[in-house]
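Enquirer: Predicted model and sequence below, questions to follow.
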There are 2 protein chains.
Amino acid sequence: MDLIEKMTDSQLIFDGYVVHLYKDTVQLPDGKTGYREYVKHVGAVCVVPVTDEGEVLLERQFRYAVDQVLTEIPAGKLDYPGEDWAEAALRELREETGAVPRELIDMGDYYGSPAIMGERIRMFLAKGLTFTENDLDEDEFLEVFRMPLDEAVKAVLKGEIPDGKTQCGILRAAMMLQTEA
Amino acid sequence: MDLIEKMTDSQLIFDGYVVHLYKDTVQLPDGKTGYREYVKHVGAVCVVPVTDEGEVLLERQFRYAVDQVLTEIPAGKLDYPGEDWAEAALRELREETGAVPRELIDMGDYYGSPAIMGERIRMFLAKGLTFTENDLDEDEFLEVFRMPLDEAVKAVLKGEIPDGKTQCGILRAAMMLQTEA
């Protein structure tokens, strides 16, 4: 079965600071007409930073869209379309936590909400951390803390960490490091 | 540190079929004024369906927002705000795959993109599947297939399954079933 939908018209509904909302008209696989409302996004990175002591660096951050303080791995938007993923990951990690890794491993793409959000997040594992000053953006408010990685895995499995990329990043990092050990 | 942001004004930018876009004015933790662009969403469910043979049911579906066919676990929107999560999970699972589980385990919340998307997804593990007819919505086009769960885990770790809830669901299900075994 051909699953592809073909764009026949595209309408920019709202061109905001972060959100660029479109409503496109598409030809569905059965030839009928459909509509797709979706958000274009410059792209983002997230990093699972694991210390040599087996702790993961996490952040508490208020997320207005879900009206709660979430526990998350460090993450941030690209500075411009096409920015190098690894450079962006190193920048966001340092800005938010002060950490500089000896090794940065690309874990591939993460689409958090592909029915609506075009946001592509590239995920990294950062190992062998040394620390320098952090350097938050003026409108960023977050608290950094550490948790043993095996405790973080348990918290994910108990449903205590609702942020998707953080659940994913913690489990993938734990499985990858286990395989290495 | 108080991380909370307080709404001082809320503006509905676009009230679509799926996307309800708002731009709110907020008081930031330092007292300054900020703006938050975000999407309100009715909520959704996703299900990791695992057969007694240790296979996971997956779907191939075109996602217009990211312009590619993604491999995903069954998922769908609530029919109305406040719908029972488990009922919605059973409905979406049956509609998309025909599967009816003997056991449905609540794995908690998943926020795919909480910087922008208000979408709360409740994740379930479904075990002991029997099969009836599926019953897709008229505008749903997807292909269902099976993959051994341990192969699915390997695919996630290799970065071959970019959908976030699917990465997450496969790893969580595998770890939970391993603990039981």
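Expert: That came through fine. Residues are numbered from 1 along each chain as shown, chains lettered A, B, ... in the order given.
Enquirer: domains for chain A, by residue range?
Expert: A:6-40, A:44-180 (automatic domain parsing).
Enquirer: Let me see the ranges of the helices in chain A.
Expert: Taking DSSP state H as the test, the helices found in chain A are A:85-97, A:149-157, A:164-180.
Enquirer: pLDDT below threshold where in chain A?
Expert: By pLDDT under 70, the weakly predicted segments of chain A are A:1, A:181.
Enquirer: still on that earlier bit, please convert the helices of chain A to TSV, extending it with distance to chain B.
Expert: Where you see a C-beta, it was placed from the backbone N, CA and C, and this is true even at glycine. TSV is the format used below for the helices of chain A (distance: least, C-beta to the nearest C-beta, whole Å):
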stretch	distance to chain B
helix A:85-97	12
helix A:149-157	6
helix A:164-180	4
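Enquirer: right, so of these, which gets closest to residue B:86?
Expert: The closest of the helices of chain A to residue B:86 is helix A:149-157. By C-beta to C-beta, the value is 19.2 Å.
Enquirer: Excluding its own residues, what touches the closest one? List them.
Expert: By C-beta atoms under 8 Å, 6 or more residues apart in numbering or on different chains, the surrounding residues in contact with helix A:149-157 are A:50, A:54-56, A:58, A:147, A:161, A:166-167, A:170-171, A:173-174, A:177, B:172, B:175-176.
Enquirer: quick check: angle from it to helix B:164-180?
Expert: Angle of helix A:149-157 versus helix B:164-180, following axes from the mean of the first three to the mean of the last three C-alpha atoms, to 10 degrees, is 110 degrees.
Enquirer: Mind listing what's buried along helix A:149-157?
Expert: By 16 or more other C-beta atoms under 10 Å in any protein chain shown, the buried positions in helix A:149-157 come out as A:149, A:152, A:153, A:155, A:156, A:157.
Enquirer: if we can go back for a sec, quick one: closest of the helices of chain A to residue A:136.
Expert: Here helix A:85-97 is closest among those (C-beta to C-beta), at 6.3 Å.
Enquirer: Check which residues of that closest one are buried.
Expert: Neighbour-count burial for helix A:85-97 flags A:85, A:88, A:89, A:90, A:91, A:92, A:93, A:94, A:95, A:96, A:97 (criterion: 16+ other C-beta under 10 Å).
Enquirer: which ones are touching the third one?
Expert: Read it as residue A:89. Here residue A:89 is in contact with A:45, A:46, A:47, A:104, A:122, A:124, A:126 (criterion: C-beta under 8 Å, 6+ apart).
Enquirer: Report how many residues lie close to the fourth one.
Expert: Using other C-beta atoms under 10 Å in any protein chain shown as the criterion, residue A:104 is surrounded by 19 other residues.
Enquirer: Relative to chain B, how far out is it?
Expert: Plainly put, residue A:104 is 14 Å away from chain B if you go by C-beta to the nearest C-beta, to the nearest Å.
Enquirer: ditto for the third one
Expert: Distance, residue A:47 to chain B, using C-beta to the nearest C-beta: 15 Å.
Enquirer: Which parts of stretch A:140-149 count as buried, going by neighbours?
Expert: Neighbour counts over stretch A:140-149 (16+ other C-beta under 10 Å) mark A:141, A:142, A:144, A:147, A:149 as buried.
Enquirer: would TSV of these with distance to residue A:8 be doable?
Expert: Formatted as TSV, those follow (distance: C-beta to C-beta, whole Å):
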residue	distance to residue A:8
A:141	43
A:142	43
A:144	47
A:147	49
A:149	48
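Enquirer: ok, the residues you listed vs chain B, which is closest?
Expert: Comparing the buried residues of stretch A:140-149 against chain B with C-beta to the nearest C-beta places residue A:141 closest, at 4.6 Å.
Enquirer: Report the beta-bridge partner residues of residue A:110.
Expert: Beta-bridge pairing for residue A:110 (DSSP bridges): residue A:121.
Enquirer: my read: it touches residue A:124, true?
Expert: No: Residue A:110 lies out of contact with residue A:124 (C-beta atoms under 8 Å); the separation is 10.5 Å.
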